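Undergrad: Sequence isn't available, so here's the structure alone:
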């Protein structure tokens with residue numbers, strides 16, 4: 001005989017949240033976000049399995065369904081009701097067969113149904129200057145226990161987490177925060193966890209997509225305060241069979257001005273790969289303290305820039321997790337720190353990457369493509385000698401301009417995969433611009449070092465910093481060093497012949 005199955009428990013869904021700001025928001029105090037919007041699915045818990053006996057155990061009571069969180073269109077905090085729970089029914093009585101012997105053909109009674117959770121109400125419009133939004137689905141009631149028995153155990157009830165709701169935020173005015181961990185915009189959609197009874201299945205709830213658009217101004221000055229902090233988190237499954245929920249996509253768009261003590265944009269997708277890509281679009285200014293952009297997710301990260309991205313730390317873009325694609329047709333100033341996967345940086349026509357310090361492309365078969373009309377600007381300050389480099393890069397394709405011309409010789413730019421190695425592939429076809437003091441033996445120039453092999457032809461333009469008379473120099477002046485194979489002796493040649 002087999003014990004009864006535990007009842008199922010299902011968490012309610014978090015409500016959708018939509019916020020549009022058209023006025024000035026100023027906050028002070030730690031943890032005081034300008035706009036805060038969260039939607040959290042309820043947790044689901046399956047009932048315990050019944051113990052097996054001489055007879056078939058009765059079915060456990062059904063778990064109560066968690067109430068759904070109401071939709072919010074302005075300031076609200078609504079909680080769905082909690083589902084009820086009921087125990088399994090009683091054991092059946094023994095009967096007598098025709099010969100008067102006691103029969104053990106008995107069955108446990110079926111458990112009662114769990115009560116339904118109450119539905120969360122719709123959020124009422126908030127008061128002016130109170131932009132907090134929160135819509136949480138209720139927790140599903142625990143499934144009823146299975147009936148009693150002695151021989152074989154039944155299956156535990158399935159626990160299913162509720163889904164997090166969609167979140168959409170639009171800022172059209174000014175947001176200013178001054179407290180620690182006080183983000184300009186904070187948005188998070190979370191799927192509920194699903195926990196089964198013993199021997200059952202736990203299924204996590206899906207996170208909803210999160211979208212934020214800024215047309216105005218966002219300024220944060222407190223420690224660890226991001227301009228826009230966007231998170232999606234899939235629910236976890238717990239049980240003998242565990243299935244995590246799907247993550248939600250993240251989309252951030254900026255046409256305005258974001259200046260933050262933390263990250264100008266922070267985007268994090270938590271959950272399994274497949275349904276939670278990150279896309280960031282910038283036509284305005286993104287100025288971070290920690291980083292201009294930080295993004296982490298398991299599916300993909302795509303960054304499209306036609307504006308300006310930088311940070312006071314000089315860490316312009318920092319990504320983790322899945323492959324990153326950067327499409328730059330604006331200005332990026334600083335360095336990038338990318339993932340262990342296959343990353344690609346396309347410096348498009350009109351795009352300028354003003355490189356500072358060391359950009360690390362890390363693992364994977366990475367590509368930096370300086371396209372026709374694009375510029376890698378490796379020196380900008382005539383008052384000092386500058387040095388920057390790329391490491392962890394497999395291929396550098398130059399069809400545009402690499403420039404160190406700032407009016408003073410002595411700057412350097414180095415590209416490498418393994419520092420000190422020869423395993424980078426440089427593909428020429430564009431230009432290199434340098435400052436050089438055209439004088440006698442010992443004269444200096446800006447220097448470009450390729451720690452790898454070279455193909456194609458790169459034209460070299462020289463800006464002469466010697467304002468006096470020239471001097472014959474039989475030694476020449478070193479401009480380019482390549483440590484790998486260079487099949488073409490004219491791979492770098494003076495512009496104009």
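TA: Yes, it's here. Computed from a predicted model, the values in this text were never measured in an experiment.

Undergrad: Strands of the stretch 351-497 of the chain, start to end?
TA: Under the criterion DSSP state E, counting those that start in this stretch, strands of the stretch 351-497 of the chain are mapped to 352-355, 358-360, 367-370, 375-377, 387-391, 395-398, 401-403, 412-416, 424-427, 431-436, 447-455, 458-464, 480-482, 492-494.

Undergrad: Out of those, which is closest to residue 43?
TA: Residue 43 lies closest to strand 358-360 among the strands of the stretch 351-497 of the chain, at 39.7 Å (C-beta to C-beta). Backbone N, C-alpha and C define where each C-beta goes, glycine included.

Undergrad: Mind giving me the packing neighbours of that closest one?
TA: Judged by 3 or more C-beta pairs under 8 Å, 6 or more residues apart in numbering; DSSP states H and E, the packing partners of strand 358-360 are strand 331-337, strand 387-391.

Undergrad: right, so those: which one is the most enclosed?
TA: strand 331-337 (a mean of 23; mean count of other C-beta atoms under 10 Å).

Undergrad: Just list what it packs against, helices and strands only.
TA: Packed against strand 331-337 by the contact rule (3+ C-beta pairs under 8 Å, 6+ apart) you find strand 308-311, strand 315-321, strand 352-355, strand 358-360.

Undergrad: okay, the angle between that strand and strand 315-321?
TA: Counting by axes from the mean of the first three to the mean of the last three C-alpha atoms, to 10 degrees, strand 331-337 lies at 40 degrees to strand 315-321.

Undergrad: Run through who's touching strand 331-337.
TA: 292, 305, 307-311, 313-319, 326, 345, 351-362, 388 (C-beta atoms under 8 Å, 6 or more residues apart in numbering).

Undergrad: In its sheet, which strands sit next to the helix or strand following it, and in what direction?
TA: Per DSSP states H and E, strand 331-337 leads on to strand 344-347 as the next helix or strand towards the C-terminus. Its sheet considered, strand 344-347 pairs with strand 324-328 (parallel), strand 367-370 (parallel) by DSSP bridges.

Undergrad: picking up where we left off before, for the strands of the stretch 351-497 of the chain, which one sits closest to residue 338?
TA: Distance to residue 338, taken as C-beta to C-beta, is lowest for strand 358-360 among those, at 6.9 Å.

Undergrad: mean confidence for that closest one?
TA: Average pLDDT, strand 358-360: 98.

Undergrad: what residues does it touch?
TA: By C-beta under 8 Å, 6+ apart, strand 358-360 touches 335-338, 388-392.

Undergrad: Of those residues, which is the nearest to residue 235?
TA: For those, the nearest to residue 235 is residue 338 (29.1 Å; C-beta to C-beta).

Undergrad: I'd say the closest one and residue 321 touch.
TA: No: between residue 338 and residue 321 there is no contact under C-beta atoms under 8 Å: 10.4 Å.

Undergrad: distance of residue 272 from residue 279?
TA: Separation of residue 272 from residue 279 (C-beta to C-beta, to the nearest Å): 19 Å.

Undergrad: likewise residue 285?
TA: 19 Å.

Undergrad: before we move on, what about residue 413?
TA: Counting by C-beta to C-beta - residue 413 and residue 279 are separated by 31 Å.

Undergrad: Same check on residue 176?
TA: 27 Å.

Undergrad: who's in contact with the closest residue to residue 470 other than its chain neighbours?
TA: Counting by C-beta to C-beta, 6 or more residues apart in numbering, residue 438 is the residue found nearest to residue 470 once chain neighbours are left out, at 5.6 Å. Residue 438 sits next to 462, 464, 466, 470, 473, 477 when contact means C-beta under 8 Å, 6+ apart.

Undergrad: On the pLDDT front, check residue 438 for me.
TA: pLDDT, residue 438: 94.

Undergrad: what does the one 3 residues further on give?
TA: Per-residue confidence (pLDDT) for residue 441: 92.
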